[in-house]
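Colleague: return atomic coordinates for the entry below.
(one chain, ligands or ions: 1)
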Amino acid sequence: MRCEVVITKSGAPAMRDIASGEVMHPGTGPEVEPKELYVIPSRLLERLSDPRAGGSSLVLLDVGLGAASNAIAAWRVSESLPRTARRLEIVSFDNDLSALALALEPAHAASFGLTSTESDAYAAASALLRAGRHETERTVWRLSRGDFPERIAAEPAASADVVYWDFYSAKTHPHLWSVSTLGALRRVCRTGATLHTYSTATSFRSALLLAGFAVGTGGRTGLRAETTIAAVDVADLAEPLGERWLQRLARSTVSFPAEVGPAPEARAEALARVRACAQFARSTP
Ligand SMILES: C[S@@+](CC[C@H](N)C(=O)[O-])C[C@H]1O[C@@H](n2cnc3c(N)ncnc32)[C@H](O)[C@@H]1O
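Modeller: Numbers count the residues shown, from 1 in each chain. Reported below is the predicted structural model:
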């Protein structure tokens, strides 16, 4: 058994990885956090309802399927819309399905929003677990199983519109938070794409910038005072990072991802590359 269900301080049930001790949706739990941190800030409902999209599907990369709480929250939004709305294609990435299997067990399904009274969501998640795919008139949901850096390389370039980045922390999974992995993800994102995550780490934000994303702050959710939203185009960010953040980056001792290394020359070069990013062009020094 790789996961267990625990009760968080807020009283919500949550999935805990036994080996690392990391908890999925540790703040407000699997019912609330997916909406507050991912679905609402990504404006999924509005983007699916946008008539200017010309009928093309919206592609959502669900990075870290886990117990499928983020994916199911997005799936429900799509299923609630009329046939005329854009279709949603969810691509869920994970190398281990034990959290989803545990969430679907009768003792836990209701806690993870997969009750049999809402049998459509339960059926969709069960099909994903069993067959790696589920499709309705409105929503395609497919699983990409394996190590994320390898799996993302198999996705077509410039095909994704929204990314829910919800891996365990960089402390336990450093290779997933690296510039090279984020660069592979950037290749798959198209114009207008946005990425949403709980992490506000300076090293992660600088890795996103070095990988070619524009980066901004996201709003408060639950116990988190701030979150992070990245985008292909800086124009899609309400609050891009600016000069004050750059100054903090220059002062911080943990400012860059591990790939940059500790050598002063390497750090200076990384700082210069971050400074050169388009979003800082108008910042006053
Ligand atoms: C924080 S959990 C995701 C929670 C999920 N978004 C939800 O809503 O329930 C992180 C997930 O990343 C997966 N993961 C860890 N290492 C991975 C890797 N190298 N490649 C793909 N997935 C990985 C874990 O198995 C775990 O299910």
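
Colleague: any idea which element the residue of the chain found nearest the ligand lies in?
Modeller: Among the residues of the chain, residue 66 lies closest to the ligand, at 2.5 Å counting by Cβ to the nearest ligand atom. Any C-beta I mention is one placed from the backbone N, CA and C, and that applies to glycine too. Counting by DSSP states H and E, no helix or strand carries residue 66.

Colleague: count of neighbours near it?
Modeller: Residue 66 has 26 neighbours, counted by other Cβ atoms under 10 Å.

Colleague: and it, its phi and psi?
Modeller: When read as degrees, to the nearest 10, the backbone of residue 66 gives phi 50, psi -120.

Colleague: okay, and for this protein, where does confidence drop off?
Modeller: Counting by pLDDT under 70, the chain has low-confidence residues at 116-119, 282-285.

Colleague: how about the strands in it?
Modeller: Ranges of strands in the chain, per DSSP state E, are 3-7, 13-17, 58-63, 88-94, 133-135, 139-145, 160-165, 189-197, 214-218, 227-231.

Colleague: mean neighbour count and distance to the ligand added to these, as a markdown table?
Modeller: Shown next, in a markdown table, are the strands of the chain (neighbours: other Cβ atoms under 10 Å; distance: least, Cβ to the nearest ligand atom, whole Å):
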| stretch | mean neighbour count | distance to the ligand |
| --- | --- | --- |
| strand 3-7 | 15 | 8 |
| strand 13-17 | 21 | 6 |
| strand 58-63 | 25 | 7 |
| strand 88-94 | 23 | 4 |
| strand 133-135 | 15 | 16 |
| strand 139-145 | 19 | 8 |
| strand 160-165 | 24 | 7 |
| strand 189-197 | 20 | 10 |
| strand 214-218 | 22 | 16 |
| strand 227-231 | 23 | 14 |
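
Colleague: tell me the residues of this structure that contact the ligand?
Modeller: Within the chain, the positions near the ligand by Cβ under 6 Å from any ligand atom are 24, 34, 64-70, 93-96, 99, 147-148, 166-168, 173, 176.

Colleague: repeat that with 5 Å
Modeller: Applying Cβ under 5 Å from any ligand atom, we find that the chain lies next to the ligand at 24, 64, 66-67, 69-70, 94-96, 99, 147-148, 166-167.

Colleague: and the residue lying closest to residue 98 once chain neighbours are set aside, backbone torsions?
Modeller: Distances taken as Cβ to Cβ, 6 or more residues apart in numbering place residue 2 nearest to residue 98, at 4.3 Å, with adjacent residues excluded. Dihedral pair for residue 2: phi -100, psi -20, per degrees, to the nearest 10.

Colleague: sorry, back to before: surely the residue of the chain closest to the ligand touches residue 24?
Modeller: Yes: Residue 66 lies in contact with residue 24 (Cβ atoms under 8 Å); the separation is 4.9 Å.

Colleague: how close does the residue of the chain closest to the ligand get to residue 95?
Modeller: Using Cβ to Cβ, to the nearest Å, residue 66 is found at 11 Å from residue 95.

Colleague: thinking again about what came up before, need the contact list for the residue of the chain closest to the ligand.
Modeller: Residue 66 makes contacts with 15, 24, 94, 99, 100, 166, as judged by Cβ atoms under 8 Å, 6 or more residues apart in numbering.

Colleague: ok, 7 Å please
Modeller: Shown in contact with residue 66 (Cβ atoms under 7 Å, 6 or more residues apart in numbering): 15, 24, 94, 99.

Colleague: then residue 203?
Modeller: With contact set as Cβ under 7 Å, 6+ apart, residue 203 has these partners: 170, 254, 255, 256, 257.

Colleague: which non-adjacent residue is nearest it?
Modeller: Computed as Cβ to Cβ, 6+ apart, the closest residue to residue 203 that is not its neighbour in sequence is residue 257, at 5.1 Å.
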